[in-house]
Every structure is written in C-alpha cells, then in structure tokens.
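Peer 1: Generate coordinates for the sequence data below:
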Amino acid sequence: MTGRTILTAAEMRAAEEAAIEAGTPVEELMERAGKSAAEAIWRFAGPLPTLVLCGPGNNGGDGYVIARELAARDVPVRVAALGEPKTPAAMAARASWTGPVESLMQAGPANLLVDALFGTGLARPLDAGISEVLGRLAARAGVRIAVDLPSGAATDDGAILSAVPDYDLTITFQTLKPSHLLQPAARHMGRLVIADIGIEAASRLVEIGRPALAAPGPDAHKFSRGLVTVIAGGMPGASVLAAEAAARTGAGAVRLQARKLVDGVSAAVVQTPGDPLARLDDPRIGALLLGPGLIADGEAQGLLEAVLGTAHPLVLDAGALRLLGERGPADLRDAILTPHEGEFRALFGERSGSKVEQARAAAAWCGAVIVYKGPDTVVAAPDGRAAIAASPHWLASAGTGDVLAGAIAAIRAGGLPAFEAACAGVWLHKRAAEQAGPGLIADDLLVRLQAARTECL
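Peer 2: The predicted model follows:
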C-alpha cells in the first residue's frame, strides 16, 4: 500500500512535541504551517478578497500567518478573530500581522473564507452564536477553505459536534486525521491537501492507497496465479458477480460450485454443478469464498461449517456473516470478513469508539481481518494495523459488495497476506467505481476492475 499516514489528535500532539524537543520551536512549526497553507490557498483560489477567521489557539495562530503571507502577495485580506490569542505561539503570530483585526461576531463576508477557528482536538460543540456566524459567513462565500479541520468536526471519529459548512478545500498538516475520511465529517471536507511541516509522523493507521500488484511472470500458470473457489448459495446471481469479479481481478482460475448450472456465467469461470462442497480438499485452492447469495435455507449452515473446517484462506461475506453471527465468530485464523454496518453489529454487537476502534477490536477478538464496509471503509487486522478508504457514495447499490468479495478473494489467492489483500481489493473496487460513475450497477464494475488492476502492475 502507498497510502498516506493518519494520526489521531493525541498522536499528532505527540509528534509535534517530539519535534519541539528535538529543537524545532513551536513558532517555527506554526510558520511552516501557515506558509504552506497560504501557498495551497493561493494555488487553489488565486487572489480573491479573503476573510481569515482566527480562533484563540494555535489553529488561529496558523490563520494569522496565512493572512500575512496572502497579504504579501497583494491579496486583499481581512482578519476576524474570536478574541485574543491564548498561546505564546499564537500571540507571536498575531504580532506578525500588521493589519486590523475585526470581531468575529461583527464580521462581514468575503469571496474567500478561511476557517482557522478550531483545528485538531476539538472536543465539544461550538457556542451557538459562533456556529451561527460561521454558517452565515460560509453561506455568503464563493470559496470556503478549512485549516486542519472544519470547525465543529471532531478529529478522531468523524463526529459532527456542531453544524459544519461544506468546504471546497481542507488543508491539514503533515498527515491526515481520521475525520478527514470518516463519515459524517468527511463529506464536508472537499478536496484534501496535506502541507508538509517537517516533523516525523508514524502510525499504524493509513489511508488505503494504490497497491503494487505483481504482473504474471514467464513461469506463471493458472494455479500459481491463484485458484478461487466460490460456493454458491440459494440466490446464485450474487455468486456469479463474485466469481466474475475474481476472474477479472487476476485470479488464474475460478470455480463456481453450485447445485446446478447457473445462467449468465462467462466461459472463463468453471462451473461444477452438483455438490457445492466437492473438491474442497484441493490443495491448490488459494481462496475460498462463501456468502454471496447464501440464504438461510436447509443447507446453508452445513456449507458454512464445511468451509470453516478447511485449511484454505477464507473470504466470508453477506449470508455467511449472518450465519456466523448466530454461530459466534470466534477463532477465524486469518480469514477475511466483509460486513456492512448491519452485519457488523449482528456479528460483534454494539461497540463503542470510532469505526476504526470498533474494527480493530473486532479483528483482535476473532482473529480475522475485518473489512468494515461503507462510504468510509475500514480494514483492520488482529495485530492492530488499520486502513481507511473513502469510497464513492454511488457504491451503495445491490451486488457491489459481492463484487468486492470476489476481488479480495482473487488477490488473496494470488498470495498476498489477508490484510494486504483486503486493502488492495478495496482500492480496486473504489477505483472501478470512480471509473464507472454515479449511475453504475454492480455489473459495471466488472470490466473496470480489469482497468483498475492494470494501474497497479
């Protein structure tokens, strides 16, 4: 994965403190942040008349530096503040701004609004009066830019603490924060830009980036590239989507095992009508997928138990997850589970914390990699690693989860470990959806999976 680092509020504070202890004053970090943000604003919006809203903390200090730097480029800039700065670094930044400072509560609008009121670490709603003024100024601005995070958004869990306007651009420093990608906060961010301020930042949470997948070599054959076996349930159409997705995501061979032949399956997918559990002892199986189209009929529980009894890498989705919730999802080795929100709750109950924290806890408890699906899909491993992808909202369509399960199974069968395979499948699924556009149906993803995979070779 090539994804960007994500830090929580506490991790970001620790990174800043480490930089300060290593000899970089906080004032220097603020200068870097403000200058980098001003550069991003200039490139994004140009010399529009600008109103910078400054809070009392270091986020407001960044705002004063931004105002100074934009004014130096002959941008007409006004500053409106929520009182006097309260930190030494913000006081120094305020002193470097030579223009007037208006009261936030009396400020008039401008074409470009820069929100530097509150950034990382906000833990409570804005005062109602402040929230009303922010909303009014944002509504009358042509371009809206947030510094670090939109004021009113929490940092770590995607929560909205008070009303948040929609921004065109959010500029964050050094790393992403969880709420840049987690809903509902993420929908208000607009384009995301990371400004490098020169501090070290490491985390076990990253954004899911484009994977580096291996192209077949001269010695490759269909089984070395990965054999995926898909076991069909009582609604085989979903299993067809999963099998087709596996084939188009690079599996060397795909078997669709159902009671009878299924219509609409491409010739590249091998059908084995009869016993859906036939040949599960084949050691060449690289991934075994159960769940798409699986309904609670007389044989479903037996299919699940048989699959769980094999030593093959497993991908469990949809109907298999519902049955697993009744059975109890304990000790699942390095299986990959792909629940949406309802399935996650049925499997693991109501859990506290952010979506990342919930997924991590579930993965640690059952030993599986969890792909907690949604517009903010979270992948979590039992060892604590986690990754987030912001997926197109138009993936909320029947069958798209079956396609994702098939894509993940293909990559897992190709030899990637479970966490990496799950992340790669999520990225390919997201990219295929971006290419298909808002009107997609699940079938549209299949051809585009091939193009998305080509980008990764």
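Peer 1: Tell me if I'm right that Ala296 and Ala318 touch.
Peer 2: No - in this structure Ala296 lies outside contact range of Ala318 using C-beta atoms under 8 Å: 11.5 Å. Glycine gets a C-beta too; all of them are placed from N, C-alpha and C.
Peer 1: So between these two, which is more surrounded?
Peer 2: Ala318 (25 against 12; other C-beta atoms under 10 Å).
Peer 1: Setting aside sequence neighbours, what's the nearest residue to the more buried one?
Peer 2: Excluding the flanking residues, the one nearest Ala318 by C-beta to C-beta, 6 or more residues apart in numbering is Gly291, at 4.1 Å.
Peer 1: domain parsing for this structure?
Peer 2: 9-203, 227-454 (automatic domain parsing).
Peer 1: so which of those gets nearest Pro211?
Peer 2: domain 227-454 (3.8 Å; C-beta to C-beta).
Peer 1: Could you measure from Val240 over to Val254?
Peer 2: Plainly put, Val240 is 11 Å away from Val254 if you go by C-beta to C-beta, to the nearest Å.
Peer 1: Redo the domains of the chain as JSON lines? Include distance to Ala215 and mean pLDDT.
Peer 2: Shown next, in JSON lines, are the domains of the chain (distance: least, C-beta to C-beta, whole Å; pLDDT from 0 to 100):
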{"stretch": "domain 9-203", "distance to Ala215": "30", "mean pLDDT": "96"}
{"stretch": "domain 227-454", "distance to Ala215": "9", "mean pLDDT": "93"}
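Peer 1: Dump those domains to CSV, plus distance to Pro211.
Peer 2: Formatted as CSV, the domains of the chain follow (distance: least, C-beta to C-beta, whole Å):
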stretch, distance to Pro211
domain 9-203, 17
domain 227-454, 4
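Peer 1: Between these, which one is closest to Arg210.
Peer 2: Taking those one by one with C-beta to C-beta, domain 227-454 is closest: 5.9 Å.
Peer 1: secondary structure class for Val114?
Peer 2: Using DSSP: H, G, I helix; E, B strand; the rest coil, the structure places Val114 in strand.
Peer 1: what's around it, how many residues?
Peer 2: Other residues close to Val114 by other C-beta under 10 Å number 30.
Peer 1: which residues are in contact with both of Val240 and Val254?
Peer 2: Shared contacts of Val240 and Val254 (C-beta atoms under 8 Å, 6 or more residues apart in numbering): Val269.
Peer 1: which one of the domains of the chain lies closest to Ala214?
Peer 2: domain 227-454 (7.8 Å).
Peer 1: So the residue positioned nearest the centre of the chain, which state does it fall into?
Peer 2: In the chain, the centroid-proximal residue (C-alpha atoms, centre = their mean) is Ala389; its distance is 2.2 Å. Put simply, Ala389 is strand when judged by three-state DSSP.
Peer 1: wait, what's in contact with it?
Peer 2: 181, 207-208, 376-377, 379, 423, 426-427, 430.
Peer 1: mind running it again at 10 Å?
Peer 2: 3, 181, 207-209, 371, 373-379, 423, 426-427, 429-430 (C-beta atoms under 10 Å, 6 or more residues apart in numbering).
Peer 1: got a list of what the closest residue to Arg360 other than its chain neighbours touches?
Peer 2: Spatial nearest neighbour of Arg360, chain neighbours left out: Ala380 (4.7 Å); criterion: C-beta to C-beta, 6+ apart. Counting by C-beta under 10 Å, 6+ apart, Ala380 touches 204-205, 355-364, 368-372, 386-388, 419, 422.
Peer 1: Distance of Ala380 relative to Arg345?
Peer 2: Distance from Ala380 to Arg345, by C-beta to C-beta: 16 Å.
Peer 1: same deal with Arg73?
Peer 2: On the measure of C-beta to C-beta, Arg73 and Arg345 end up 51 Å apart.
Peer 1: what do you get for Asp74?
Peer 2: According to C-beta to C-beta, Asp74 and Arg345 sit 55 Å apart.
Peer 1: So for those two, which sits in the more crowded spot?
Peer 2: Arg345 (14 against 8).
Peer 1: how about the strands in the stretch 51-200 of the chain?
Peer 2: 77-81, 101-103, 112-116, 143-147, 169-173, 191-195 (DSSP state E, counting those that start in this stretch).
Peer 1: Same list (those strands) but as JSON lines, adding distance to Ile231.
Peer 2: Listed next are the strands of the stretch 51-200 of the chain as JSON lines, based on distance: least, C-beta to C-beta, whole Å:
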{"stretch": "strand 77-81", "distance to Ile231": "62"}
{"stretch": "strand 101-103", "distance to Ile231": "67"}
{"stretch": "strand 112-116", "distance to Ile231": "52"}
{"stretch": "strand 143-147", "distance to Ile231": "48"}
{"stretch": "strand 169-173", "distance to Ile231": "44"}
{"stretch": "strand 191-195", "distance to Ile231": "40"}
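Peer 1: which stretch among those comes nearest Asp157?
Peer 2: Using C-beta to C-beta, the nearest of those to Asp157 is strand 169-173, at 16.2 Å.
Peer 1: Just the CA coordinates for that closest one, please, in CSV.
Peer 2: Only the C-alpha atoms of strand 169-173 are listed here, as CSV (Å, rounded to 0.1, in the frame of the first residue of the first chain):
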residue,chain,number,x,y,z
LEU,A,169,-10.7,22.6,0.3
THR,A,170,-9.3,21.3,3.7
ILE,A,171,-5.6,21.8,4.3
THR,A,172,-4.2,19.6,7.0
PHE,A,173,-0.6,19.5,8.4
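Peer 1: That concludes my questions; thank you for your assistance.
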